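Novice: whatever this is, show me its structure:
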Amino acid sequence: MLSVADWAEIRRLHHAEGPPQYSRPAKGSVVDEVEPRIRELLQAWPTMPATVIAERLDWSYSIRVLRDRVAELRPVCLPPDPASRTNCQPGEIGQCDLWFPNVEIPVGFGQRRLNTQLAGWLPKANSRLMRVLGCSPAGRIEADRAAMLQLPPVPPATGWRSSLRLPRDHYIRLDSNDYSVHPTAVGGRIEVTADLDRVRVFCGGRPVADHPRCWARHQSATLSIQSRPRPVLPPGALRRPARLRMPFRRRCRRRRTGHGRTAVARRGLARPPP
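Specialist: Sure, this is the predicted structure:
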């Protein structure tokens, strides 16, 4: 017969490693062979319909498989097209119908405030004598810890993580709240991470948004221009406008110096004497 310790060890191994699962390598899709050609067509014409792409490829399989792959690749080829939204802070806009109440509505929420209240209340609650236990809960903590097993070797995953493409309005939604992201990441694949205090967004490994976590509902958090993370520009991006202005400057210099002009006869406008 298995002892209680053996059952506890079996349960710990089951949750740490998991039960054995059947898996096999993926066979791929028929669209994988023509995916480079699809990318070329979308780079030249990002809005080309899937039916036209099927004609260009002489596609003889199901159009649904091709349409799904085109829908997955099209956002990568589309140029960034950000769209702004109207954001109002609490108390800026109000509606009063036929009467104006003289009532101040308190606005405040947050997990940190709740933790502060619990930190002040738990010592008092745990020091009270409980009739069922015969002592206070604080007096049983050391005995309970001594009877507990060790933590599993693999730490559990904490927080919240997701990956998606940033829409045109450059906002992401988490727990019914909207958080703004830098518009340069519109159309790109972003990774959203959240914990109890912060909501962070990354695009290609670089931060594009960092907000304090809001625990209310149906709120919008917008970063100001000063607090937004500055995007990392590719090498030579700042020197490219100067190169484009050089031909125009040369033409203006030639006009001022007269270089390249054709000699034209001039006629006086004054009338000859009678």
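Novice: how many neighbours does Arg189 have?
Specialist: When neighbours are defined as other Cβ atoms under 10 Å, Arg189 has 14 of them. Using the backbone N, CA and C atoms, a C-beta is placed for each residue, glycine as well.
Novice: quick check: phi and psi on the closest residue to it other than its chain neighbours?
Specialist: Leaving out its chain neighbours, the residue that sits closest to Arg189 by Cβ to Cβ, 6 or more residues apart in numbering is Arg165, at 5.7 Å. With angles defined as degrees, to the nearest 10, Arg165 sits at phi -100, psi 140.
Novice: can you count the residues close to Val34?
Specialist: 19.
Novice: what sits against the closest residue to it other than its chain neighbours?
Specialist: Computed as Cβ to Cβ, 6+ apart, the closest residue to Val34 that is not its neighbour in sequence is Leu57, at 5.3 Å. Contact analysis of Leu57 by Cβ atoms under 8 Å, 6 or more residues apart in numbering lists Val34, Arg37, Ile38, Leu66.
Novice: separation between the second one and Arg69?
Specialist: Applying Cβ to Cβ, to the nearest Å, the value for Arg37 to Arg69 is 11 Å.
Novice: ditto for Cys88
Specialist: According to Cβ to Cβ, Cys88 stands 41 Å off from Arg69.
Novice: between these two, which has more neighbouring residues?
Specialist: Using other Cβ under 10 Å, the more surrounded residue of Cys88 and Arg69 is Arg69, with 19 against 8.
Novice: residues touching that one, list them.
Specialist: Residues near Arg69 by Cβ under 8 Å, 6+ apart: Ser29, Val31, Glu35, Ile38.
Novice: would you mind giving the secondary structure of it?
Specialist: Per DSSP: H, G, I helix; E, B strand; the rest coil, the secondary structure class of Arg69 is helix.
Novice: ok, which stretches of this protein are helices?
Specialist: Using DSSP state H, the helices of the chain run over 4-17, 35-44, 50-57, 63-77, 111-126, 141-147, 240-257.
Novice: now the first one: average pLDDT?
Specialist: This means helix 4-17. Per-residue pLDDT over helix 4-17 has a mean of 74.
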